[in-house]
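Colleague: return a 3D structure for these sequence lines:
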Amino acid sequence: MAINKNKHILVIRLSAMGDVAMSAPVILGLTKKYPELKITVLTKAFTAPIFAHIPNVKVFKADVKGKHKGVLGLWKLYKELKTMQIDVVADIHNVLRSTILKQYFKLSSIPWIQVDKGRAAKKALVNPNRTTLTPLKTTFERYAEVFGKLGYPIAVSEMKTLPKEPIPDHVSSFKEINGLLVIGIAPFAAFNGKMYPQALMEEVLNILNSSNNYKIILFGGGEKEIEILNTWDQQFSNCQNVAGKLSFSDELKLISNLQLMLAMDSGNAHLAAMYGVPTVTVWGVTHPYAGFAPFNQPEKNAILSNREKFPAIPTSIYGNKYPDGYEKVMETIQPMTIVQKIKEILGTTV
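Modeller: Got it, this is the predicted structure:
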């Protein structure tokens with residue numbers, strides 16, 4: 001497809017948060033390489049702040065649980081989008097909802113390219129009988145393929161991290177104090193197979209807290225998670241929980257100013273990486289070779305469970321499936337291994 005210098009691209013990525021965040025460096029890179037482009041991102045209201053400061057980008061908020069729910073709701077969504085004079089559609093989600101929407105757009109003969117998720121390759125990757133373990137295309141490469149087919153090729157090297165955002169006054173209590181390095185820790189994930197054991201994470205926190213080198217900001221969500229984070233907030237003097245206390249927009253501003261983020265294979269890792277924050281990730285039954293490593297992070301920043309002891313890793317793409325005996329794969333990662341990685345990146349003594 002030839003490049004049209006004045007195209008309006010609709011980009012569809014409704015969920016999950018991490019996948020939405022992974023689209024930000026791609027979209028920012030496109031706006032830098034093709035400043036004539038007009039981009040509208042169709043996403044959920046919660047994730048809209050991710051794109052708030054990208055030039056030439058607007059967000060259309062999909063209410064998939066309300067007026068845009070179901071087949072009729074998607075028809076309403078199509079009618080609303082049609083008025084925006086969309087030229088082409090980059091569907092970087094490729095789920096049933098977007099596929100239904102695709103059928104409606106066919107009525108207007110608007111070109112529509114869907115991302116190839118590589119489902120067959122990912123199925124082979126998690127096959128316990130595989131003979132080799134080789135890296136698949138990254139999510140960033142898969143997103144780039146879509147824009148290339150629309151006439152806007154972009155290399156991963158041309159993708160950009162978002163700039164730091166100013167921290168508003170009402171968030172100032174979370175800023176650096178007394179020369180401490182401000183680091184974030186996001187200890188949770190959607191599935192247990194991707195989550196470092198709570199007791200071991202407490203050991204990590206204890207070592208970091210005792211060094212008095214760091215101010216540790218705790219990130220998470222959900223009542224049970226917030227309860228745990230509040231306990232750590234009280235237990236460790238240099239820890240402060242922000243979960244349930246800030247808007248998502250303010251959390252992003254805070255994340256953009258961190259010196260480092262420690263996270264699981266989860267959304268918070270991608271939020272930090274999209275700002276260029278050094279990001280240490282801890283991997284359980286999933287593996288970076290599936291293509292979901294955070295943007296532009298060195299391979300050495302990924303701490304992996306022991307595959308010699310647990311050779312079936314990765315057992316699933318999302319961490320929701322694993323065979324008996326694999327419940328404790330992350331116990332092969334010692335707390336001091338994580339601490340040493342943080343020390344290595346930040347150049348601190350502890």
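
Colleague: can we go C-alpha only for contacts and neighbour counts from here?
Modeller: Will do.

Colleague: show me what the residue nearest to residue 112 when sequence neighbours are not counted bridges to in the sheet.
Modeller: Using C-alpha to C-alpha, 6 or more residues apart in numbering and skipping the chain neighbours, the partner closest in space to residue 112 is residue 89 (4.7 Å). Taking DSSP bridges as the rule, residue 89 bridges to residue 10, residue 112.

Colleague: residues contacting residue 89?
Modeller: If you count contacts by C-alpha atoms under 8 Å, 6 or more residues apart in numbering, residue 89 has them with 9, 10, 11, 12, 110, 111, 112, 113.

Colleague: please pick the buried ones from those residues.
Modeller: With neighbours counted by 16 or more other C-alpha atoms under 10 Å, the contacts of residue 89 contain buried members at 9, 10, 11, 12, 110, 112, 113.

Colleague: contacting residues around the fourth one?
Modeller: Translated: residue 12. Contacts for residue 12 were tallied using C-alpha under 8 Å, 6+ apart; they are 41, 42, 43, 89, 90, 91, 92, 93, 98.

Colleague: in the stretch 251-350 of the chain, where is pLDDT below threshold?
Modeller: 350 (pLDDT under 70).

Colleague: for it, what spans make up the helices?
Modeller: Taking DSSP state H, counting those that start in this stretch as the test, the helices found in the stretch 251-350 of the chain are 267-273, 335-346.

Colleague: determine how far the first one lies from the middle of the whole chain.
Modeller: If I follow you right, that is helix 267-273. 5 Å (C-alpha atoms, centre = their mean, to the nearest Å).

Colleague: over to the longest one?
Modeller: Using C-alpha atoms, centre = their mean, we find the averaged C-alpha position of helix 335-346 to lie 22 Å away from the chain's own average C-alpha position.

Colleague: tell me what it is packed against?
Modeller: In terms of contacts (3 or more C-alpha pairs under 8 Å, 6 or more residues apart in numbering; DSSP states H and E), helix 335-346 is packed against helix 198-211.

Colleague: mind listing what the next helix or strand after the helix it packs on pairs with, with the direction of each?
Modeller: Following helix 198-211 in sequence order, the next helix or strand is strand 214-218 (DSSP states H and E). Here strand 214-218 is paired, per DSSP bridges, with strand 181-186 (parallel), strand 239-241 (parallel).

Colleague: residues contacting the nearest residue to residue 316 once chain neighbours are set aside?
Modeller: The spatially closest residue to residue 316, leaving aside those adjacent along the chain, is residue 126, at 5.4 Å (C-alpha to C-alpha, 6+ apart). Neighbouring residues of residue 126 by C-alpha under 8 Å, 6+ apart: 312, 313, 314, 315, 316, 317.

Colleague: switch the cut-off to 6 Å
Modeller: Shown in contact with residue 126 (C-alpha atoms under 6 Å, 6 or more residues apart in numbering): 314, 315, 316.

Colleague: who wins for neighbours among those?
Modeller: Neighbours here mean other C-alpha atoms under 10 Å. Within the contacts of residue 126, the largest count is held by residue 314, at 26 neighbours.

Colleague: phi, psi of that residue?
Modeller: Dihedral angles phi and psi of residue 314 (degrees, to the nearest 10) take the values phi -80, psi 140.

Colleague: can you list the contacts of residue 12 in CSV and add pLDDT and distance to residue 214?
Modeller: Output for the contacts of residue 12, formatted as CSV (pLDDT from 0 to 100; distance: C-alpha to C-alpha, whole Å):
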residue, pLDDT, distance to residue 214
41, 98, 37
42, 98, 38
43, 98, 35
89, 97, 45
90, 98, 42
91, 98, 41
92, 98, 38
93, 98, 38
98, 97, 44
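
Colleague: just these: which are in strands?
Modeller: Residues of these located in strands (DSSP state E): 41, 42, 43, 89, 90, 91.

Colleague: what's the farthest-apart pair in these?
Modeller: Greatest spatial distance in these: 43 and 89, 13.4 Å, computed using C-alpha to C-alpha.

Colleague: distance check, the residue of the chain positioned farthest from its centre against residue 91.
Modeller: For the chain, the residue at maximal distance from the C-alpha centroid (C-alpha atoms, centre = their mean) is residue 107, at 33.6 Å. Per C-alpha to C-alpha, to the nearest Å, residue 107 is found 17 Å from residue 91.

Colleague: do residue 173 as well
Modeller: Going from residue 173 to residue 91 by C-alpha to C-alpha gives 40 Å.

Colleague: between the two, tell me which one has more neighbours.
Modeller: A side-by-side neighbour count of residue 173 and residue 91, using other C-alpha under 10 Å, places residue 91 first with 25 against 9.

Colleague: wait, that one sits on residue 112?
Modeller: No - here residue 91 lies out of contact with residue 112, judged by C-alpha atoms under 6 Å, at a distance of 7.1 Å.

Colleague: now residue 188: which helix or strand?
Modeller: Using DSSP H and E, residue 188 falls within no helix or strand.
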